[in-house]
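Colleague: Below is the sequence, then the predicted model.
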Amino acid sequence: MPKLTIDGLEIEVPAGTSVLQAAEQLGIEIPRFCYHERLPVAANCRMCLVEIEKMPKPVASCAMPAGEGMVVKTQSEGALQARKNVMELLLINHPLDCPICDQGGECDLQDQAMAYGRDKGRYHDEKRAVSEKFLGPLVKTAMTRCIHCTRCVRFLTEIAGVPELGMMNRGEHAEITTYIEQALTSELSGNIVDLCPVGALTSKPYAFAARPWELRKTESIDVFDAVGSAIRIDSRGNQVMRVLPRLNEDVNEEWLADKSRHACDGLLKRRLDTPYVRRDGKLEPATWAEAFAAIQEVFAAIPGSAIAALAGDMADAESMFALKLLMESLGSANLDCRQDGAALDPSVPVSYRFNTTIAGIEQADALLIVGSNPRIEAPILNARIRKRYSKGGFKIATIGAKADLTYPAQHLGDGADTLQSVLDGVHPFHDVLANAERPMIILGMGALTSPGALRLLGAARALAEKTGMVKDGWNGFNVLHTAAARVGGLDLGFVPGAGGLGTAAILDAAGKGAIKAVWLLGADQIETNALDHAFVIYQGHHGDVGAQVADVILPGAAYTEKHGTYVNTEGRVQRTDRAVFPPGQAREDWKILRAASEVLGHTLPFDTLEALRAKLEAAAPSFAVRDVATPGEWLPFGESGALDVSGGPLVSPVRNYYMTDPISRASPTMAACTLEIGGEATEARTGTDG
């Protein structure tokens, strides 16, 4: 380990550490534009120049490995003068756009020009102008501002795995551009806006909407997929203006998927802001008292066994727990949080969690993906898989539809018969898993919603045991969910009770008249034709599929408008915080259920959110441990027996990444993405014909 001196302070660092990194460990700030700790070193901005004894000229600290006995000066007159000169050169062609630039107030170039630049420039030649580039509906360009740091190029190539940006030409004619003018097809493209240190790349949906000092910032959790990325919600008044990522090394590092970032404009569209009651076949606005009275009138005339409840993919744990208690008090065991009917065993947590953890992917050395397309189901998790692949020594294979996952993967086959051959040791990839030190399997909803899914789940468990995926300090069995509410619902037991019906059975019984009332808690991903003969209560925040078939609508709060608990795919308990208030008469879901229970004569045993959470943690102790992916006990689950090979390919249930829920379906930005980023790009990403 080399020992060096920086500004008179001695430090010992691991071999390969750069001078810039060593200085950061000492708390010494060195300015930079092109350097980013998660990207390959480019060393092309030269802003991080320092002086090193016995070297004839200033050195780029980001690209200089720390050496034994080095004496580095970051604040010498020579280093400071070099930075002023570099800044002056960077600003030669930069336009005076600060008053109209969306990066204003959050611009590295502004900050460093103030701290390290000159107070005047010596160049008076005409500035170079560069034409704007079309990068799609999400990224707005002003390429005359570009300083060619290439952060965007390196991110899309190395992190996202979609090399669609590059630098063309040389010298005065150099430009960052797409090779063929088209929209960026990466689900992570919005991150290049965060990475851009100047105003060359900005958010197109957010263009000229607000300044950062006008916004109220709320730390929260993303619920558009099951990853649970850490986010910051920026709001002005009662409107969410934008969503940005927060740092969470265990989950999303500092990245955020495009839908999670940009679908927030759907929070303003098609909102339910007042109760509705269907009268003479037509939904009409009503008061809360009238809505509850309509429910009470129907429930009083039917037994509890004829009532059912379904929870949607964005429901928080508090509201699901409250609805579960209400159903139990009414005498109903017909409830389910699995809208897609996924074959999961709620009694064995390890059977439905991502046990390796998202960060643990980096420790694996072999991977089998079954019935999942992580690129469109969980882009952040897919980026972690690519990160592990880029380090080498990581063999990846897939069973299901062919798709471009952004990293090479061997396609073994389409259906359950291929999994059977791997389990039996007939297929060579069995040996790859068996010989790996830390093998893992990812089981997706495309597999768990297929015919004979319980047997397929059992086969995956048997494969994990046979190939050594489960051992001390390592569990390579993983289920990748597509719904933010799914793991939380399973953990708290929002599943059929003794003699109760699941989703498919509830819908079937409703079509036959056996189930006479169905309570939909944001459930919009179900087949609603069977509900024509049942009394339907829809509790949610958007006028989506469930609201259209409802007899009573109870307007709820979206994830930005409530304090809620969610459990991500790895079993990590996380909480959202309220950034804005629900519109109109809409209320938080647990409050609606508490008020409804009183009208129905089965008052729930809590009056505050704290009391509700105390009841929840007492009933499901896993909710008492937050922000930790707790390991589960390995127990038998699934069914044994020959797999059903009649169901065809194990295809991911996500067809259109940009529209998977009520919020994104109401989002104008996501609609623009659907129109623009389609055709061949969609086919390649999803393995379908779009």
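Modeller: Nice, thanks for sending it over. Residues are numbered from 1 along each chain as shown.

Colleague: What residues of stretch 169-189 count as buried?
Modeller: I176, T177, T178, A183, L184, T185, S186, E187, L188, S189 (16 or more other C-beta atoms under 10 Å). C-betas here are computed from N, CA, C, even on glycine.

Colleague: Please produce a markdown table containing these, extended by pLDDT, secondary structure and distance to D532.
Modeller: Formatted as a markdown table, the buried residues of stretch 169-189 follow (pLDDT from 0 to 100; DSSP: H, G, I helix; E, B strand; the rest coil; distance: C-beta to C-beta, whole Å):
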| residue | pLDDT | secondary structure | distance to D532 |
| --- | --- | --- | --- |
| I176 | 93 | strand | 55 |
| T177 | 92 | strand | 54 |
| T178 | 91 | strand | 49 |
| A183 | 91 | coil | 40 |
| L184 | 93 | coil | 43 |
| T185 | 93 | coil | 40 |
| S186 | 94 | coil | 42 |
| E187 | 95 | coil | 37 |
| L188 | 96 | coil | 41 |
| S189 | 95 | coil | 42 |
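
Colleague: Quick check: of the residues you listed, which lies closest to S131?
Modeller: Distance to S131, by C-beta to C-beta, is smallest for T177 among those, at 8.9 Å.

Colleague: quick one: contacts for the closest one?
Modeller: K133, M143, L165, G166, M167, M168 (C-beta atoms under 8 Å, 6 or more residues apart in numbering).

Colleague: who wins for neighbours among these?
Modeller: Of all the contacts of T177, the most densely surrounded is L165 (25 neighbours; neighbours counted as other C-beta atoms under 10 Å).

Colleague: Out of the contacts of T177, which sit inside strands?
Modeller: L165, G166, M167, M168 (DSSP state E).

Colleague: if we can go back for a sec, now flag whichever of the buried residues of stretch 169-189 is closest to T287.
Modeller: For those, the nearest to T287 is E187 (42.8 Å; C-beta to C-beta).

Colleague: okay but the closest one is in contact with I380, surely?
Modeller: No - between E187 and I380 there is no contact, the gap being 9.0 Å when judged by C-beta atoms under 8 Å.

Colleague: shared neighbours, the two?
Modeller: A257.

Colleague: Retrieve the pLDDT associated with E683.
Modeller: We have a pLDDT of 51 for E683.

Colleague: same thing with G690?
Modeller: 44.

Colleague: cool, G679 as well?
Modeller: G679 is given a pLDDT of 43.

Colleague: please begin residue numbering at 430 from this point
Modeller: With the count now opening at 430, the last piece we talked about shows up as G1108.

Colleague: need the contacts of T606 in a markdown table with pLDDT and distance to A933, can you?
Modeller: Formatted as a markdown table, the contacts of T606 follow (pLDDT from 0 to 100; distance: C-beta to C-beta, whole Å):
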| residue | pLDDT | distance to A933 |
| --- | --- | --- |
| K562 | 93 | 49 |
| M572 | 94 | 53 |
| L594 | 93 | 45 |
| G595 | 93 | 49 |
| M596 | 92 | 54 |
| M597 | 90 | 54 |
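
Colleague: Relative to R580, which of the residues you listed is nearest.
Modeller: L594 (10.2 Å).

Colleague: Surely that closest one is in contact with C581?
Modeller: Yes - using C-beta under 8 Å, L594 makes contact with C581 at a distance of 5.6 Å.

Colleague: Please identify every residue contacting each of those two.
Modeller: Counting by C-beta under 8 Å, 6+ apart, the common neighbours of L594 and C581 are I605, I621.

Colleague: Helix or strand: which one has N473?
Modeller: N473 belongs to no helix or strand when assigned by DSSP states H and E.

Colleague: how close does it get to L919?
Modeller: Between N473 and L919 the computed distance is 49 Å (C-beta to C-beta, to the nearest Å).

Colleague: Of those two, which one has the most company?
Modeller: L919 (26 against 17).

Colleague: what's the closest non-adjacent residue to that one?
Modeller: Excluding its sequence neighbours, the residue lying closest to L919 (C-beta to C-beta, 6 or more residues apart in numbering) is P775, at 4.6 Å.

Colleague: so A489 touches E480, yeah?
Modeller: No - using C-beta under 8 Å, A489 is not in contact with E480; the gap is 11.8 Å.

Colleague: which of these two has more neighbours?
Modeller: A489 (23 against 20).

Colleague: residues touching the closest residue to that one other than its chain neighbours, list them.
Modeller: Leaving aside its sequence neighbours, A489 sits nearest to A472 (C-beta to C-beta, 6+ apart; 4.7 Å). By C-beta under 8 Å, 6+ apart, A472 lies in contact with C463, Y464, A489, C491, A492.

Colleague: residues near the residue found closest to the second one once you drop the neighbours it is linked to in the chain, how many?
Modeller: Put plainly, it is Y464. For Y464, ignoring the flanking residues on the chain, the nearest one in space by C-beta to C-beta, 6+ apart is C491 at 4.0 Å. Using other C-beta under 10 Å, C491 is surrounded by 25 other residues.

Colleague: Report pLDDT for C491.
Modeller: 95.

Colleague: Equivalent analysis for E791, please.
Modeller: E791 is given a pLDDT of 96.

Colleague: That one looks like it's in a strand, true?
Modeller: No - assessed with DSSP: H, G, I helix; E, B strand; the rest coil, E791 is helix; it does not lie in a strand.

Colleague: wait, doesn't it sit right on R815?
Modeller: No - using C-beta under 8 Å, E791 is not in contact with R815, being 11.0 Å away.

Colleague: Comparing the two, which residue is more hemmed in?
Modeller: R815 (21 against 14).

Colleague: returning to what we had before: could you report the separation of the residue nearest to Y464 from L624?
Modeller: For C491, the distance to L624 - C-beta to C-beta - is 15 Å.

Colleague: ranges for the strands of the stretch 630-779 of the chain?
Modeller: 630-632, 645-650, 659-665, 668-674, 705-708, 711-714, 736-740, 764-765 (DSSP state E, counting those that start in this stretch).
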